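In: build me a model from this:
(chains A and B)
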Amino acid sequence: MNIPQQLVNGLVLGSGYACVALGWTVLLGAARLVNFAHGQMYMLGAFVCWFMMTRLGLSYPVGILASLLALGLLGVLMQWAMLRLVMVQNLTSMMIVTLGFGYIIQGAGGLAFGGAPQNFPSGLDRMEIRFGDLWFTWQDVLILCVTLVLYVLVWVVLRSTRLGAVIRAVAEDPKLAQLFGISPAAAYIGIFVFEAVMVALAAVLVAPRTPILTSMGFDEVIITFVIVVLGGVGSVPGALVAGLGLGLFTAFFGALVSPAYTTAAAFGLLLVVLVARPRGLASQ
Amino acid sequence: MTAVLEARNLTVRYDSSVALSGASLVVSSGRMVGVAGANGAGKSTFINACAGWSRGRARIEGEVLLYGDSVRHLAAHQRSNAGLMHVPEGKNVFGNLTVTENLLLVRKPPTEPGRHYFTHDEVFGLFPRLHERRQHKGSALSGGERQMLAISRALLGAPRVLLLDEPSVGLAPRLVLEMLRQIRRLVDKGLPVLLVEQNVKATLEVVDELYLLERGLIIAQGTAAEMRGDNRIVAAYLGALGSTKTA
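Out: Here you go, the predicted model:
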């Protein structure tokens, strides 16, 4: 086994996981909301960009922009539809409703883009970098850098700005936030749109690494769920560590044992971590 | 004296039970008005209804006016932004946020007539203890410190009128009057205050007028001097001396 290469693979895979999970982490941790349509939104984000590039002949940056815009709009619509559920913090109903949204998005995606796997070439995924035995692409570098920058940014905003304080305040007690002159409804919509745009960004960065399918959403939401729970529900640094950790685990498990059992092994890891540290990795 | 806050015929229902029926009240400029009554009399329901706010599912009927303009259709956060500042009873600061962050949430108020502006320095001057604790989280504060923080954030928002629901809860008995007197000093500088209190004796020392609530109804109202002599007040709240006299 080539250990440095597996390390690189693990970090790239893990930063992709972390990137996909960032929006959910903020949504759950900062706003106490869930979104089980996350994976299907990831799928839609990837396909919008793919459509713009392969069918309309537009460039990768334009495709990215279109994808962010489309998902942002979808985020507004979904949150608007769910606002009353959100305001009463009915998590069980929100779980079912977002799951329902997910299947609707998946069905719509199937109708619009078909059921066949598609190649999603960004251009950067074909530009290779080699150091001796080591091999990776510029797409991998882009994913890792963007993920790290986004995590630092979100961390700083949440910790040390008024906006971050508002988000944390609404998460803790939306009723009390009203008396501070804050509209929880507006805050929820903002956070949900952020989540939608983040998952679109993750999709256009991560999805070009593999063929894309309109049915790939469910795997994504499961992986995201594992990371968010592993990281300690809603902890931003925790999600980054959990994402990278899960990437490394998957890479080494795939190389040492078998790639076929990595999902089962990932859940095994989740069980072990949760038994040992019931509140996730981020707990003291 | 202009009426700053006026509640007309407020009725509040929770599901099918009526918690307040037809209560009216006026807070004029530079006045401190108290609402007193036993537990469950509807005091908090009354003051929350003025702020358009409820932790439960309150159905509010009636009119609330701020400087003569109806705020009935404004949500709680809009009333807050309009200068109707409410400090509720119970949890009234954010436990996960530091003192500084709690105060950071307050947006810079617009320059408007009728508002009473306070700077950070003035607020910390009023509550020096809060300044010492500014890096602590809300959950780490004592009951008294939480009240100070809750009142401070209301003052920073430049209130037109300040609504306080039992600011003495959680305070050591010797601090209750001190806190109420501090609020009185704000009133003397012109800030109108509506105060809900259980401690009637202490309340009567600081307020200009008092409304007495019983089972959701206002059963008496008057100036502090009048109410100090009111038999129902004396009998129920001002101790054994009064009740033996009336007996």
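
In: interface residues of chain B facing chain A?
Out: Residues of chain B lying close to chain A by C-beta under 8 Å from any C-beta of the partner chain are B:51, B:53, B:55, B:75-77, B:80-81, B:85-88, B:91-97, B:101, B:104-107, B:153, B:157. In this view, the C-beta of every residue, glycine as well, is placed from N, C-alpha and C.

In: now stretch B:189-208: mean pLDDT?
Out: In this model, stretch B:189-208 carries a mean pLDDT of 92.

In: buried ones in it?
Out: By 16 or more other C-beta atoms under 10 Å in any protein chain shown, the buried positions in stretch B:189-208 come out as B:191-200, B:202-204, B:206-208.

In: stretch A:253-262 now?
Out: A:Phe253, A:Gly254, A:Ala255, A:Thr262.

In: contact partners for the first one?
Out: By that I understand A:Phe253. A:Tyr261, A:Thr262, A:Ala265 (C-beta atoms under 8 Å, 6 or more residues apart in numbering or on different chains).

In: could I get those residues in TSV, plus columns for pLDDT?
Out: Output for those, formatted as TSV (pLDDT from 0 to 100):
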residue	pLDDT
A:Tyr261	88
A:Thr262	84
A:Ala265	87
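
In: picking up where we left off before, could you tell me which of the residues of chain B next to chain A count as buried?
Out: Counted by 16+ other C-beta under 10 Å, the residues of chain B next to chain A give B:51, B:53, B:76-77, B:80-81, B:85-88, B:92-94, B:97, B:101, B:104-106, B:153, B:157 as buried.

In: now, which of the residues you listed lie within strands?
Out: Judged by DSSP state E, strands contain the following of these: B:Met85, B:His86, B:Val87.

In: may I have the beta-bridge partners of the second one?
Out: Partner residues in beta bridges with B:His86: B:Leu163, with DSSP bridges as the criterion.

In: what's in contact with the host helix or strand of A:Met95?
Out: Under DSSP states H and E, the secondary-structure element containing A:Met95 is helix A:91-113. The contact list for helix A:91-113 (C-beta under 8 Å, 6+ apart) reads A:32-41, A:43-44, A:47, A:50-51, A:74, A:78, A:82, A:85-86, A:214-215, A:217-218, A:221.

In: any buried residues in that helix, and which?
Out: Quick answer for helix A:91-113 (16+ other C-beta under 10 Å): A:Met94, A:Val97, A:Thr98, A:Leu99, A:Phe101, A:Gly102, A:Ile105, A:Gln106, A:Gly109, A:Phe113.

In: again, but for stretch B:56-73
Out: Using 16+ other C-beta under 10 Å as the test for burial, stretch B:56-73 gives B:Ala58, B:Ile60, B:Gly62, B:Val64, B:Leu65, B:Leu66, B:Tyr67, B:Val71.

In: ok, which stretches of the chain are helices?
Out: Defaulting to chain A. Counting by DSSP state H, chain A has helices at residues A:3-31, A:38-50, A:60-87, A:91-113, A:138-160, A:162-172, A:174-179, A:184-206, A:217-230, A:236-256, A:262-276.

In: wait, chain B was what I had in mind.
Out: Taking DSSP H as the criterion, chain B carries its helices at B:43-51, B:76-81, B:99-104, B:120-126, B:128-132, B:143-156, B:173-188, B:200-206, B:224-228, B:231-237, B:240-246.

In: pick out the shakiest of these, pLDDT-wise.
Out: helix B:240-246 (a mean of 42).
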